[in-house]
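>>> Okay, sequence plus prediction incoming.
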Protein chains: 2
Amino acid sequence: MSKILVFGHQNPDTDAIGAAIAFAHLQKELGKDTEAVALGAPSEETQYALDHFQLEAPRVVEKAGEATDVMLVDHNEFQQSIADIADVNILAVVDHHRIANFETANPLYYRAEPVGCTSTIVLKLYKEAEIDVPKQIAGIMLSAIISDTLLFKSPTCTKEDVNAATELAALAEVDLNEYGLAMLKAGTNLSDKSAETLLDLDAKSFPMGDKNVRIAQVNTVDLKEVFDRQAELETTMALENTKKGYDLFLLIATDILASNSELLVVGEPKEAVEAAFQTTLTNNRALLKGVVSRKKQVVPQLTEAFSN
Amino acid sequence: MSKILVFGHQNPDTDAIGAAIAFAHLQKELGKDTEAVALGAPSEETQYALDHFQLEAPRVVEKAGEATDVMLVDHNEFQQSIADIADVNILAVVDHHRIANFETANPLYYRAEPVGCTSTIVLKLYKEAEIDVPKQIAGIMLSAIISDTLLFKSPTCTKEDVNAATELAALAEVDLNEYGLAMLKAGTNLSDKSAETLLDLDAKSFPMGDKNVRIAQVNTVDLKEVFDRQAELETTMALENTKKGYDLFLLIATDILASNSELLVVGEPKEAVEAAFQTTLTNNRALLKGVVSRKKQVVPQLTEAFSN
């Protein structure tokens, strides 16, 4: 019999990979034959965290293939999941996003909470099951919380995330702030990446109204460095729209030190973007003051604008 | 500000009403301004349980109306929910069914487990929150577990349901088996009901393939009593199909003592029903040996048949 595959979303971020490793380990301790896998290679930020805690990157898969049973972490929407998600049996989901484009034929275990990071929920599951979190796994879970909450600066961050991170930092034996800043900075190295790679680092697709919207986000400590390449980025976004059938492509470049984002938009309808953020695009761009969270400060606002 | 409405599915059964009462009370203890309501009047079984534990039936509502925030128990599919479900903000779901036809714009609290009864999960939530279950509420939660698991005979019943029921029976100060049988029998009084009422007692709609399937279930201690009225039932089912746009109407009459069900089918495609249960309909009927659970022994099999 095949192992139960445990994985996060496509274009995995640190939580998609960290929560998969942590939840697969917990389920193994509970007697399930699980394997953490990933729907893509780790980002530089995630690789930094894996290296720091001496963990192997999970095997990259595109399809469940032989495996008939899967567990999802950090996502639920089918278009963000494994290619053959509609053909497998979903045993469990642990997530902290909206629920949409998701369905099962059978009852399942589904645990979602409106907190900043899936790994915060996974820590709760370890406690409920009275299983100890090993040091290395505590480290990757901590990294996931730092990544998702931008070191607690994101409006998605809750008290539970801060408490979980503090507890995990002690288990992982690192200084939370020092390690956190170093890890986030490791993920901001964009200069040596092609526009195509940069736009795919942390990108998700969302059906909104009858449109297909692609939203990519990159973290930076230097917005200017990103927008020096605006022309190249726009050309690539237009090309992706054509190739992949997106109607609208948004790039959110987030300044992790100032906690603002600069938006770049290619495609239509741009009015929906302007309505969502009550702004006017100039040269396809707009500064979004205080916006750092795609999940809380971008997707709901855009969804609302598309429903009007 | 309006209260947060907490409710189970349309045509409420004992779990839909019991879990709503129990979860609303828990949330109130946790500081939320909740009100348990119901999307229909209690069945005779549920009324027996409410009377036994001296609880008021929840107020019946059709729309959330003024209330903008809601919490769902014992269901998630929008077509089984409140009429204006798409216009309200879903804060939480506690359920034990498949997930389908459900979506939110925002992250939420979602707790589903593949156990026999929502009230079993709600008891776990009381424990996690370290809140005591009052005697009356323990009684209605116990009733919900007895109802959903047919006093532990349903294949949906898990060890967790049995443990929860045993614990709740002690809190409610009743003899589990004696009370359980009396309550189940109170729900089998079908003779004085019109065919229309009988078919609506515990009925749910499911989109399957491109068809709209209605599945009603009644409990009885005398299958003959139900099928003496076959002609009248068939006429009413055909009428409902026309009126409400169902393609296929299934009535599952469950003998709660023998743990079998007799199926009555009106509409098309009947081949899907025959394929799902590997049976041949005779006079629109088939005996389904050992089948007592719509959720586990009917819906997945039909869904599978419709996907082929």
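Done, it's in. Quick caveat, the model's predicted, so the values are computed rather than measured.
>>> Which residues lie in contact with A:Asp74 in this structure?
With contact set as Cβ atoms under 8 Å, 6 or more residues apart in numbering or on different chains, A:Asp74 has these partners: A:Gly8, A:His9, A:Asp13, A:Asp15, A:Ala16, A:Ala19, A:Ala20, A:Val94, A:Asp95, A:His96, A:His97, A:Thr118. Heads up, the C-betas are built off the backbone N, CA and C, glycines and all.
>>> Okay, and which of the residues you listed map to strands?
The strands, defined by DSSP state E, take in A:Val94, A:Asp95 from the contacts of A:Asp74.
>>> Now render the contacts of A:Asp74 as JSON lines, adding neighbour count.
Below are the contacts of A:Asp74 laid out as JSON lines (neighbours: other Cβ atoms under 10 Å in any protein chain shown):
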{"residue": "A:Gly8", "neighbour count": "32"}
{"residue": "A:His9", "neighbour count": "26"}
{"residue": "A:Asp13", "neighbour count": "24"}
{"residue": "A:Asp15", "neighbour count": "31"}
{"residue": "A:Ala16", "neighbour count": "30"}
{"residue": "A:Ala19", "neighbour count": "35"}
{"residue": "A:Ala20", "neighbour count": "33"}
{"residue": "A:Val94", "neighbour count": "27"}
{"residue": "A:Asp95", "neighbour count": "24"}
{"residue": "A:His96", "neighbour count": "27"}
{"residue": "A:His97", "neighbour count": "23"}
{"residue": "A:Thr118", "neighbour count": "32"}
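>>> ok, which of the contacts of A:Asp74 also contact chain B?
A:His96, A:His97 (Cβ under 8 Å from any Cβ of the partner chain).
>>> can you put the contacts of A:Asp74 in a markdown table and add distance to B:Ala144 and pLDDT?
Output for those, formatted as a markdown table (distance: Cβ to Cβ, whole Å; pLDDT from 0 to 100):
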| residue | distance to B:Ala144 | pLDDT |
| --- | --- | --- |
| A:Gly8 | 35 | 98 |
| A:His9 | 36 | 97 |
| A:Asp13 | 40 | 95 |
| A:Asp15 | 36 | 98 |
| A:Ala16 | 37 | 98 |
| A:Ala19 | 33 | 98 |
| A:Ala20 | 35 | 98 |
| A:Val94 | 26 | 98 |
| A:Asp95 | 27 | 98 |
| A:His96 | 29 | 97 |
| A:His97 | 30 | 95 |
| A:Thr118 | 31 | 98 |
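>>> what residue ranges in chain A score low on pLDDT?
For chain A, applying pLDDT under 70 flags the ranges A:1.
>>> repeat that for 90
In the prediction, chain A carries residues with pLDDT under 90 at positions A:1-2, A:65-67, A:105-106, A:189-192, A:201, A:209, A:221, A:257, A:295-296, A:307-308.
>>> where do the helices sit along it?
A:14-29, A:44-52, A:118-128, A:135-149, A:159-172, A:176-186, A:195-200, A:223-227, A:230-244, A:270-277, A:294-297, A:299-307 (DSSP state H).
>>> What are the buried residues along the last one?
Of the residues in helix A:299-307, A:Val299, A:Pro300, A:Gln301, A:Leu302, A:Thr303, A:Ala305, A:Phe306 count as buried by neighbour count, 16 or more other Cβ atoms under 10 Å in any protein chain shown.
>>> TSV for these, including distance to B:Lys185?
Putting the buried residues of helix A:299-307 into TSV (distance: Cβ to Cβ, whole Å) gives the following:
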residue	distance to B:Lys185
A:Val299	51
A:Pro300	49
A:Gln301	54
A:Leu302	54
A:Thr303	49
A:Ala305	55
A:Phe306	52
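>>> Between those, which sits nearest A:Asn89?
A:Val299 (28.0 Å; Cβ to Cβ).
>>> What separation do you get for the closest one and B:Asn177?
51 Å (Cβ to Cβ, to the nearest Å).
>>> Contact residues of the stretch 201-308 of chain A facing chain B?
So far as Cβ under 8 Å from any Cβ goes, the stretch 201-308 of chain A lies against chain B at A:Lys295, A:Lys296, A:Val299, A:Pro300, A:Thr303, A:Glu304.
>>> what sits against the fourth one?
It stands for A:Pro300. A:Arg98, B:Ala105, B:Asn106.
>>> A:Asn219 contacts A:Leu257, doesn't it?
No - the pair A:Asn219 / A:Leu257 is not scored as a contact, 9.9 Å apart, by Cβ atoms under 8 Å.
>>> isn't A:Cys117 right up against A:Ile145?
Yes - with contact defined as Cβ under 8 Å, A:Cys117 and A:Ile145 form a contacting pair (4.5 Å).
>>> Please enumerate the shared neighbours of the two.
Contacts common to A:Cys117 and A:Ile145, judged by Cβ under 8 Å, 6+ apart, are A:Asp15, A:Asp161, A:Ala164.
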